[in-house]
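Peer 1: I need the structure of the sequence given here:
(3 chains)
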Amino acid sequence: MLNISLQKTWKEFRLDVAFEIPRGKVTALFGPSGAGKSSILRIISGLEMADRGMISHGKEVWFDDTKGISLPPQQRSIGFVFQDFALFPHLTVERNVAFGIKEKRRLNELKDLMSLIGLSGYERYYPAQLSGGQKQRVALIRALARKPDLLLLDEPLSALDWETRRQLQEDLKRITQQFQVTTLYVTHDITEVYKLADYVVVLESGRIVKQGTPEEVFLGKKLSTRIQIVGKVVSIESDSIIAAVTVLHDDQYFKTLIDTEEVDRLNLKVGDDVVIGAKSSDVILFKVLTQS
Amino acid sequence: MKVEHGIKGQQKTKIKLEELTFYYGKYKAIDNVSMEFLECKVTAIIGPSGCGKSTLIKSINRISEITNDVQVEGKVLLDNKNVYDRDVDLVDLRRRVGMVFQRPNPFPKSIYDNVAFGPRLYGVNNKKRLDEIVEYSLVKSALWNEVKDRLNQSAIGFSGGQQQRLCIARALAVDPEVLLMDEPCAALDPTATARIEELIEDLKKYYTIAIVTHNMQQAARISDYTGFLLNGQLIEYNITTEMFTNPDKKVTEDYITGRFG
Amino acid sequence: MKYDLQSSNFRAANMPNSTSPESGLKRFGDKRISDLLVESRQANVNRQRVQEFIIEKLLFAGGMAAILFIALIFIFLFKEGAKALFLIKPIEFIGTHILDFDNNRVFACMWQPVGESGKYSIVPLLIGSFLVALPATVISTILGGGCGIYLAEIASAKVREIVKPAIELLAGIPTVVIGFLCLTLLATYVQNAFHTTFRLNAFVGAIGVSLVIIPVIASITDDALRAVPNELREASYGLGATRWETIWKVVVPAGISGVTASIILGMGRALGETMIVVMATGNAALVTGNIFSSVRTMTATIAAELGAVPQGGPQYCALFLVGAILFFITFVLNLVAEMIINRMRKKLRL
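Peer 2: A predicted model of the protein is given here:
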């Protein structure tokens, strides 16, 4: 369990948040750009300092302004994955991954790590020779190689095109589950929150506006549905009684029928984010409540 | 929202590509493409990275010639005039066919000077007239209300979305007929993207728009027509809703449903 | 493959209403902005074309002039230098047979261009140049490189603001002043410290020359390291590396092409430096490996002798040959630097 409470003021921007990251789960930090998501990540990792507040991991205090404690980044057990990969260009893939491993005897694990991300055989390649998706997988395994207590992911998929992005979502899910690592995932993509996160903290201009499971946060209710598909409405064809709504999810189309009244009640428009839920028999549709 | 059936009136063809083949050095980037861009419509070009999408739209205002050794076969007709004819004035062509790029690229000047850049190049120095053109362009690009009090500030401190709208305003200031957009939202967050998409919806009343995107959802949302390009060949070209719900070709279906990329 | 959008097989849904591009566009009277621009351009277009033509040609001439000057210098230098090969036997540029004190014939490398049987071996001059340039490069790589790393990675903004201009000022000191200091002060200190036979020697020269190239190396190293993306530093800290590990294992290797370039450029400057070596190295053309011995560099030889020799004579031409060789060495050095940097860039795609 990671406890975080932070305050920091920049020129015109004030960050004031307090939240917990449950152990072994993926928590998403969701919000528009400029909400302060990345700053929180950088403060937790120690790359930046908060004005006041406290960060503690279990009994270990990483930062506490009242006691004057602030551990440097290398003493906090974290792994950081950046938006633009930040692989060391002068090191081979293998040595990039080995960079964070301090104990010599654990170097023999490299082989397993490489095969875990499906890049066996690429050990001697340089980052410049890899595709975007491969680079980000290397960055991910590099961050995990030192067995951190906390994995920080700063919009790791936003520099990739959507095909690679979806593939990496699967990989991320599989690998974080395998390592059972506590993860904080910064994103502005609702689909990623749904796919990857157990909990979500919604941030807006430096403040937390909501937190909870994705359903609680985005739908305002708990769903007991079997399948949930998040997507964007691309077309609504309606007559006076029934409407056919087409939803684009990961570039797959889902078409569902709902009452025209329901469309009006939700004020559903093309471009809205929706969740299609399927119980064993009925298909139901919810409009995603986003702020602003 | 009622669905309109059938085609309302005949649309004017603004740009027509006739058997266009485009080489970078020896590399064939565009392979025998024929298609039309209709006036006051948004036409999206989709396809995997490196399929020639950008090259295709850049062939229309001949901007890829600036940096590369290129060779062109076939025709690009703008209002029935081949832009590759020898008597074409490149300056005028690029005025008529404006362009917005992937990364917002405002000049390191004030907002006013950015927008007035084009008209000044053409020798318009009348202050009152310039003021009017700047205001008009900023209003059209939905930026006026945000910046009208700070027209003399540098554009560099702006957010990505604002910068991109400024770049659109800059393109509009020379009163183009066609707007080419090369993944205009690729570097923007979803909120900024939504605003640009709204803007495109509005702009298409006056301009013919060709937009390259790798985002299927975006193509589906904003375009009237979509062309699917693969390895430089036009695989399929159709009305957008038709293309996405009922593609003719298996390979198109595979691409838009994400089975390859 | 052709698609006709207006044919009937487009039984499309959702066909948008047709609109006219004319409505809603800005007008001045009955003119659109575009009419205005086209008119304005037509009024200006001829003047503009002439202007652009002239500017283009001027810039072209400027670029060509630079190449032309280099080519002319090159041709002149080698033309004069080549004459030496006809006036003097080529073997003599390496050494000549002389009689030693015991009247034995020995092969000796000597630069003694005066008199009937002048000796024109350039070997001692080459040795002299490198005996100054190599130690100077080593000294300034350590000090200048360290200074660059300090400036880029460790110094606070305030310290940087003071140190960087100070270092650049060092580069602005006239070399004759540095030579003067070497001659009067430094030489004495060096002699006292190392108890050398010669008061003026290669080592004193090397220290003097390194004062000139430390700023070059420091400044370029600083720029090269600061160009390394910040996220690489953060990634390194994020993986548990300390500051020192981050500098040594990440930042310096990532900026290595710039650092290498600075060192090779520095070495080029060291070989070409003249005033300091004239004043500080003793100017004795000896064949030696001892850096505490007096030496005579190629540059010092040219500077000291060329003004005093008759034009067209063997010594005159020999000095040109020395100049040509110096030119060639610096040229190769720059070429090698370019190749190394390109290869690194390609590998790292920086």
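Peer 1: Where does B:Lys16 sit: helix, strand or coil?
Peer 2: strand (DSSP: H, G, I helix; E, B strand; the rest coil).
Peer 1: Can you tell me the element B:Ala44 falls in?
Peer 2: strand B:42-46 (DSSP states H and E).
Peer 1: Within its sheet, name the partner strands of that strand and how each one runs.
Peer 2: Sheet pairing for strand B:42-46, assigned by DSSP bridges, gives strand B:208-212 (parallel), strand B:225-230 (parallel).
Peer 1: what's the closest of these to B:Asp254?
Peer 2: strand B:225-230 (10.3 Å; Cβ to Cβ). Bear in mind the C-beta positions are built from the backbone N, C-alpha and C, glycine included.
Peer 1: Please identify the pairing partners of the helix or strand just after the closest one and their relative orientation?
Peer 2: Using DSSP H and E, the helix or strand that directly follows strand B:225-230 along the chain is strand B:233-239. Applying DSSP bridges, strand B:233-239 is found paired with strand B:225-230 (antiparallel).
Peer 1: Dump the partner strand to PDB, keeping only the CA atoms.
Peer 2: Taking Å, rounded to 0.1, in the frame of the first residue of the first chain, the C-alpha atoms of strand B:225-230 are listed here in PDB:
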ATOM      1  CA  TYR B 225     -15.500   9.900 -48.000                       C
ATOM      2  CA  THR B 226     -12.700   7.600 -47.200                       C
ATOM      3  CA  GLY B 227      -9.900   6.100 -49.300                       C
ATOM      4  CA  PHE B 228      -7.900   3.100 -48.000                       C
ATOM      5  CA  LEU B 229      -4.300   3.100 -49.200                       C
ATOM      6  CA  LEU B 230      -2.000   0.100 -49.000                       C
END
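Peer 1: per-domain residue ranges of chain C.
Peer 2: C:8-77, C:122-349 (automatic domain parsing).
Peer 1: Any idea which of those has the lowest pLDDT on average?
Peer 2: Lowest mean pLDDT of the domains of chain C: domain C:8-77, a mean of 77.
Peer 1: From the chain's centroid, how far away is it?
Peer 2: 38 Å (Cα atoms, centre = their mean, to the nearest Å).
Peer 1: Show me which residues of the stretch 1-150 of chain A sit near chain C.
Peer 2: Those residues of the stretch 1-150 of chain A that sit near chain C, judged by Cβ under 8 Å from any Cβ of the partner chain, are A:42, A:45-47, A:72-74, A:78-80, A:82, A:84, A:86-91, A:99-100, A:102, A:126, A:128, A:139, A:142-143, A:146.
Peer 1: can you put the strands paired with strand B:42-46 in TSV and add distance to A:Phe19?
Peer 2: Below are these laid out as TSV (distance: least, Cβ to Cβ, whole Å):
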stretch	distance to A:Phe19
strand B:208-212	40
strand B:225-230	43
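Peer 1: which one of those strands lies closest to C:Ile264?
Peer 2: When the strands paired with strand B:42-46 are compared by Cβ to Cβ, strand B:208-212 sits nearest C:Ile264, at 43.7 Å.
Peer 1: Same question for that closest one: list its buried residues.
Peer 2: B:208-212 (16 or more other Cβ atoms under 10 Å in any protein chain shown).
Peer 1: Which residue ranges make up the domains of chain A?
Peer 2: A:2-219, A:227-282.
Peer 1: between these, which one is nearest to C:Ile291?
Peer 2: Among the domains of chain A, if distance is taken as Cβ to Cβ, the winner is domain A:2-219, at 34.1 Å.
Peer 1: So for that closest one, mean pLDDT?
Peer 2: Computed over domain A:2-219, the average pLDDT equals 86.
Peer 1: That one spans what distance, first to last residue?
Peer 2: End-to-end distance for domain A:2-219, by Cα to Cα, to the nearest Å: 26 Å.
Peer 1: Do a quick rundown of the helices in the chain.
Peer 2: Defaulting to chain A. Using DSSP state H, the helices of chain A run over A:37-45, A:93-98, A:110-116, A:132-145, A:162-179, A:190-196, A:214-219, A:260-266.
Peer 1: oops, I was thinking of chain C
Peer 2: Counting by DSSP H, the helices of chain C are C:33-87, C:123-149, C:157-172, C:175-181, C:187-194, C:202-226, C:230-238, C:243-245, C:252-254, C:256-272, C:275-280, C:298-305, C:314-348.
Peer 1: Give me the angle between the second one and helix C:314-348.
Peer 2: In other words, helix C:123-149. Put simply, helix C:123-149 runs at 30 degrees to helix C:314-348, going by axes from the mean of the first three to the mean of the last three Cα atoms, to 10 degrees.
Peer 1: Am I right that B:Asp87 sits in a strand?
Peer 2: No: counting by three-state DSSP, B:Asp87 is not found in a strand; it is coil.
Peer 1: Show me where the stretch 1-150 of chain A has its strands.
Peer 2: A:2-9, A:14-21, A:26-30, A:52-57, A:60-64, A:69-70, A:78-81, A:150-154 (DSSP state E, counting those that start in this stretch).
Peer 1: Ok, which of those comes nearest A:His188?
Peer 2: strand A:26-30 (6.8 Å).
Peer 1: of all the domains of chain A, which gets the most neighbours per residue?
Peer 2: Mean neighbours per residue, mean count of other Cβ atoms under 10 Å in any protein chain shown, is largest over the domains of chain A for domain A:2-219, with a mean of 19.
Peer 1: what about that one and chain B, touching?
Peer 2: Yes: using Cβ under 8 Å from any Cβ, we find that domain A:2-219 touches chain B at A:32-34, A:161-164, A:166, A:188-189.
Peer 1: Please compute how far that domain lies from its chain's middle.
Peer 2: The answer for domain A:2-219 is 8 Å, by Cα atoms, centre = their mean.
Peer 1: Now for residue 195: which residues touch it?
Peer 2: No chain in the question, so chain A it is. Shown in contact with A:Lys195 (Cβ atoms under 8 Å, 6 or more residues apart in numbering or on different chains): A:169, A:173.
Peer 1: my question was about chain B
Peer 2: Contacts of B:Arg195 (Cβ under 8 Å, 6+ apart): B:142, B:161, B:165.
Peer 1: switch to 7 Å and redo it
Peer 2: Neighbouring residues of B:Arg195 by Cβ atoms under 7 Å, 6 or more residues apart in numbering or on different chains: B:Gly161.
Peer 1: Please report the distance of it from chain C.
Peer 2: 20 Å (Cβ to the nearest Cβ, to the nearest Å).
Peer 1: just A:Ile242 next, same as before
Peer 2: Distance, A:Ile242 to chain C, by Cβ to the nearest Cβ: 17 Å.
Peer 1: And the pLDDT for that residue?
Peer 2: 80.
Peer 1: which residue packs closest to it, ignoring adjacent ones?
Peer 2: Spatial nearest neighbour of A:Ile242, excluding adjacent residues (Cβ to Cβ, 6 or more residues apart in numbering or on different chains): A:Leu257 at 5.5 Å.
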